[in-house]
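Trainee: Got a predicted structure plus its sequence, pasted below:
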Amino acid sequence: MVSFLRVLFIAPRTTVEDHSVLVLPRFFGLFGVAGVLGGVAIPLSVMAKNGTAHVGLAWLGLLFFTVPGLYLVLGTYVHQVTLTPTGLQRRSWFGGTTTLRWSQIQTVRFHEVSQQVVLSDGTRHVRCHVYLRGFERLGQTMSQQMGQPRAELTLPWSRPGMMLE
């Protein structure tokens, strides 16, 4: 039972080349599946119970649950950041990757509202959400590769009381 829960909730953290991979926790995908199932079940139950009298309400329920559910399911695949010795890579929504080299990173910003770190080289940017599994490895790798102490990086763990390790 413990091994089943471990496989279900703990995402892989390294690639074949032993690079760190930051991924969303698997329960995000499970919430997404529940949303999609709820979004399909609500309209079907409303139409089975009331016929076509409340079709608008049924479609509203479909959109209210299914769209965020699909975003969470797809987001568990898309929101992956791979830390390599040369830089970091993030998957895009359409199958490509955005790659930033450590030496080319110009700005590092943290957005309080969206809870994500945005790394940019001036033209491209990579967003790393705070709730990615292995997020603390980003700070360790950035301070090693960029030659800056963690306290100088504008990241959530550089503030008092915000340590994520």
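Mentor: Received, thanks.

Trainee: any weak-confidence spans in the chain?
Mentor: 1-18, 53, 150-151, 153-165 (pLDDT under 70).

Trainee: Strands along that one, start to end?
Mentor: Under the criterion DSSP state E, the chain carries strands at the ranges 20-23, 80-83, 87-91, 97-101, 107-111, 116-120, 125-129.

Trainee: how is this structure carved up into domains?
Mentor: Domain segmentation of the chain under automatic domain parsing yields 26-76, 83-158.

Trainee: quick one, helices of the chain?
Mentor: Along the chain, counting by DSSP state H, helices occupy 2-9, 26-50, 55-78, 135-146.

Trainee: how far is the longest one from where the chain is centred?
Mentor: Pointing back at helix 26-50 there. Relative to its chain's centre, helix 26-50 lies at 22 Å (CA atoms, centre = their mean, to the nearest Å).

Trainee: same thing with the last one?
Mentor: Taking the mean C-alpha point of helix 135-146 and that of its whole chain, the gap between them comes to 18 Å (CA atoms, centre = their mean).

Trainee: tilt between that helix and strand 107-111?
Mentor: Calculated by axes from the mean of the first three to the mean of the last three CA atoms, to 10 degrees, helix 135-146 forms an angle of 160 degrees with strand 107-111.

Trainee: In helix 135-146, which residues are buried?
Mentor: By neighbour count on 16 or more other CB atoms under 10 Å, the buried set for helix 135-146 is F135, R137, L138, G139, T141, M142, S143, Q145. (C-beta placed from N, C-alpha, C; glycine too.)

Trainee: Need the residue closest to the centroid of this structure.
Mentor: H79 (3.9 Å; CA atoms, centre = their mean).

Trainee: For that one, which non-adjacent residue is closest in space?
Mentor: L24 (5.1 Å; CB to CB, 6 or more residues apart in numbering).

Trainee: For the one you found, grab phi and psi.
Mentor: phi -70, psi 150 (degrees, to the nearest 10).
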